[in-house]
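1. Got a predicted model here, sequence first, then my questions.
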Amino acid sequence: MPSEPSARPPLGRLEKIDLSTYWQGEETDFTPWLAQADNLKLLGDALGMELEVVIEEQQVGAFQVDLLCRDQATDRWVLIENQLETTDFSHLGRLITYAAGLDVCNVVWIASHFSAEHRAALDWLNQITQEEISFFGLEIELWRIGNVAMAANFNPVAQPQSWVQTVPEVEVVPEVEEEPLTETQQQNLDFWSGLCQQIERRGSIVKPGTPEPIDAIRFAIGRACFRLITSINREDGCLYTELHLAGEDAHPHFYLLAEEQETIEMEIGLPLIWDDHADDKACAIYCALPNVDLNDLERWPEYYHWLCDHLERFHEVFAERVKHLNATDYQPLPDYSFNPARGSLILPS
């Protein structure tokens, strides 16, 4: 006696297909596809990261990067190198060069297939480098479901040993009850949240940051070690918009920008404070809005307008410049050993 047909929907068959069926080229097809939010989340899930695109297929100094992202969970930079074929030594060398030159924390190599030698190379790099720097290898797979639908899958084949060990522990860590925010912390969070909403409504070239209950919020500007920052100093009663430069090359980068001080200030439309933090590995170029009182909620729209306007000015003037900065281009000038920026204001240490 024949069995009755099942009420369950039929299951489709999975068939692994060639990547070229969907992506013809890395730069023209795959990288733009990966940069889309849903697809980047798929990669982030495979890595245990919350990825946000900062740069897509652009020249950064001497480097042509596929994708430069930020892990929103850790605020660390993630460099992604794509290869729609079996791994080769050219891409491996490029990966190491980019990692050194861009000062990133996580390096991700995506390919259709990893040779045993290149898998071993990533494992070796993870063993000899500091814990703050991690190398990942993932094979991209393309599957057909039935006759129509296709699906992509990222299969990790190389990663730091510590990363493998910590992933399962995420499930068993007990939740810790957070302490309630102080009145000032809550005000910070509310103020920055409102600023991000205003940035979104404007359709700004500045991508909204992540509001936190602190006195500052950061925004990407397209290169590792460079940030746009807005902050509040309640004691001085000032809001600040700032280009922040960090890392080993902060001072050379600062002085290279300072050589264009007059042009930059003319383009932005106001004088800036150039602070080289001579004893620190950071520099800042900023402007201030005085007489600020966050307790006066009716003035918040005024503050938002000033911050959005100046963030956009900074982004328009600095974004392309910082992408092409090369620290080796800076030659210290004997007559300006402390500060080559003519007429700039240098704050005391």
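-> Looks like it came in fine. Numbering: from 1, shown residues only.
2. From here on, just use CA atoms for contacts and neighbour counts.
-> OK.
3. all strands for this protein, in order.
-> Remark: strands assigned in the chain by DSSP state E are 14-17, 51-60, 63-71, 76-86, 106-113, 134-145, 149-158, 216-220, 226-233, 238-246, 273-275, 282-289.
4. now those in JSON lines, with mean pLDDT, mean neighbour count and distance to E312?
-> Shown next, in JSON lines, are the strands of the chain (pLDDT from 0 to 100; neighbours: other C-alpha atoms under 10 Å; distance: least, C-alpha to C-alpha, whole Å):
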{"stretch": "strand 14-17", "mean pLDDT": "80", "mean neighbour count": "14", "distance to E312": "45"}
{"stretch": "strand 51-60", "mean pLDDT": "74", "mean neighbour count": "19", "distance to E312": "16"}
{"stretch": "strand 63-71", "mean pLDDT": "81", "mean neighbour count": "21", "distance to E312": "20"}
{"stretch": "strand 76-86", "mean pLDDT": "89", "mean neighbour count": "21", "distance to E312": "23"}
{"stretch": "strand 106-113", "mean pLDDT": "92", "mean neighbour count": "21", "distance to E312": "29"}
{"stretch": "strand 134-145", "mean pLDDT": "88", "mean neighbour count": "21", "distance to E312": "33"}
{"stretch": "strand 149-158", "mean pLDDT": "87", "mean neighbour count": "16", "distance to E312": "36"}
{"stretch": "strand 216-220", "mean pLDDT": "88", "mean neighbour count": "20", "distance to E312": "11"}
{"stretch": "strand 226-233", "mean pLDDT": "92", "mean neighbour count": "21", "distance to E312": "10"}
{"stretch": "strand 238-246", "mean pLDDT": "94", "mean neighbour count": "21", "distance to E312": "10"}
{"stretch": "strand 273-275", "mean pLDDT": "95", "mean neighbour count": "21", "distance to E312": "17"}
{"stretch": "strand 282-289", "mean pLDDT": "94", "mean neighbour count": "20", "distance to E312": "13"}
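5. now for the ones you listed, which one comes closest to K323?
-> K323 lies closest to strand 51-60 among these, at 4.7 Å (C-alpha to C-alpha).
6. before we move on, the earlier item: and the strands of the chain as TSV, adding distance to A99?
-> Formatted as TSV, the strands of the chain follow (distance: least, C-alpha to C-alpha, whole Å):
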stretch	distance to A99
strand 14-17	32
strand 51-60	12
strand 63-71	10
strand 76-86	7
strand 106-113	7
strand 134-145	10
strand 149-158	17
strand 216-220	19
strand 226-233	16
strand 238-246	16
strand 273-275	28
strand 282-289	20
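7. Those: which one's closest to D309?
-> strand 238-246 (9.9 Å).
8. can you tell me how far S204 sits from W77?
-> Distance of S204 to W77, computed by C-alpha to C-alpha, to the nearest Å: 23 Å.
9. what about E302, neighbour count?
-> Around E302 there are 10 other residues, counting by other C-alpha atoms under 10 Å.
10. any idea how far Y303 lies from W192?
-> 11 Å.
11. Next: R13.
-> 49 Å.
12. Comparing these two, which residue is more hemmed in?
-> Higher neighbour count among R13 and W192: W192, with 24 against 10, using other C-alpha under 10 Å.
13. hang on, that one packs against I214?
-> No - using C-alpha atoms under 8 Å, W192 is not in contact with I214, being 9.1 Å away.
14. which residues does R70 contact?
-> 50-54, 76-78 (C-alpha atoms under 8 Å, 6 or more residues apart in numbering).
15. G247 against K281, yeah?
-> Yes - at 6.0 Å, G247 counts as touching K281 under the criterion of C-alpha under 8 Å.
16. For S115, grab the count of nearby residues.
-> As a burial measure, S115 scores 11 neighbours (other C-alpha under 10 Å).
17. ok, F114 - contacts?
-> F114 neighbours (C-alpha under 8 Å, 6+ apart): 86-87, 137, 139, 157.
18. What is the nearest of the residues you listed to A37?
-> Comparing the contacts of F114 against A37 with C-alpha to C-alpha places E139 closest, at 19.5 Å.
19. Bridge partners for the closest one, pull those for me.
-> Here E139 sits in beta bridges with A111, N155, as judged by DSSP bridges.
20. Bridged to I232, which residues?
-> Going by DSSP bridges, I232 forms beta bridges with L239.
21. Can you name the residues that contact it?
-> 215-216, 238-240.
22. what would those residues look like in a markdown table with distance to N326?
-> Putting the contacts of I232 into a markdown table (distance: C-alpha to C-alpha, whole Å) gives the following:
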| residue | distance to N326 |
| --- | --- |
| D215 | 31 |
| A216 | 28 |
| C238 | 33 |
| L239 | 31 |
| Y240 | 27 |
